[in-house]
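J.: give me a 3D structure for the following:
(3 chains)
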Amino acid sequence: MTNEGFFSQVYGITKQIPFGRVTSYGAIARYLGTPRSARMVGWALNASHLDDSIPAHRVVNRKGLLSGKHHFKGSNLMQQLLENENVRVENNVIVNFDKLFWDPNIELKMQ
DNA sequence: AGTATGACAGTCA
DNA sequence: CTGACTGCCATAC
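T.: You can find the predicted model right below:
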C-alpha cells in the first residue's frame, strides 16, 4: 500500500505543535523533505478540516499571517483559538511570530 | 496525459 | 516591511 501520503505526514507534525506555539507551511514542508511543497502543506491542512485533532490554527505562512483564517468555520475562529493560547494576533498577523515560531526541523529533529 | 488550482516561499524593488 | 513576479510540488478533474 502506498504511503499514507503527504497529508498524513503534515497531520503528524501539526498535531505535535506544542501549546502556544506556531509554525509555517514551509517549515513543515521542509521537515517532510520537500521545502518546495509548502503549498501542499496548505492543501493538506485543507483536508485536515475533517479532523478536529489537528490544530491547523497554529500553522500560518512565513509572514505569520493567518492566511487560512478565511477557511475556518468562523471568520475569526482562527484568531480566537490563537488568542486562547496566549498568542497575540493583530490585523490577522501573529505578534512576536519570531518568538512563537516552532520549527519541527529543530524541535523535533534536535531532540 | 494535460490543465487548473492552492491555507506558500524566495527574490527583487 | 510591503508589494509584485516567479518557481515548485501534489491533488483533482
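
J.: chain neighbours aside, what residue packs nearest to residue A:24?
T.: Leaving aside its sequence neighbours, residue A:24 sits nearest to residue A:62 (CB to CB, 6 or more residues apart in numbering; 4.8 Å). To be clear about C-beta, it is placed using only N, CA and C from the backbone, and glycine gets the same treatment.

J.: what helix or strand is that neighbour on?
T.: For residue A:62, there is no helix or strand it lies in under DSSP states H and E.

J.: ramachandran coordinates for whichever residue of chain A sits closest to DNA strand B?
T.: With CB to the nearest atom of the strand as the measure, residue A:68 is the residue of chain A nearest to DNA strand B, at 1.7 Å. With angles defined as degrees, to the nearest 10, residue A:68 sits at phi -100, psi 0.

J.: before we move on, the earlier item: ok, the residue nearest to residue A:24 touching residue A:28?
T.: No. With contact defined as CB atoms under 8 Å, residue A:62 does not count as touching residue A:28 (11.5 Å).

J.: between the two, who's got more neighbours?
T.: The neighbour comparison of residue A:62 against residue A:28 (other CB atoms under 10 Å) goes to residue A:28, with 28 against 13.

J.: pretty sure the more buried one sits in a helix.
T.: Yes. Under DSSP: H, G, I helix; E, B strand; the rest coil, residue A:28 falls within a helix.

J.: list the contacts for it?
T.: By CB atoms under 8 Å, 6 or more residues apart in numbering, the contact set of residue A:28 is A:10, A:13, A:14, A:38, A:41, A:59, A:104.

J.: excluding sequence neighbours, find me the nearest residue to residue A:31.
T.: Closest residue to residue A:31 apart from its sequence neighbours, by CB to CB, 6+ apart: residue A:104 at 4.3 Å.

J.: give me the distance between residue A:14 and residue A:23.
T.: 8 Å (CB to CB, to the nearest Å).

J.: hang on, I meant residue A:44
T.: Distance from residue A:44 to residue A:23, by CB to CB: 13 Å.
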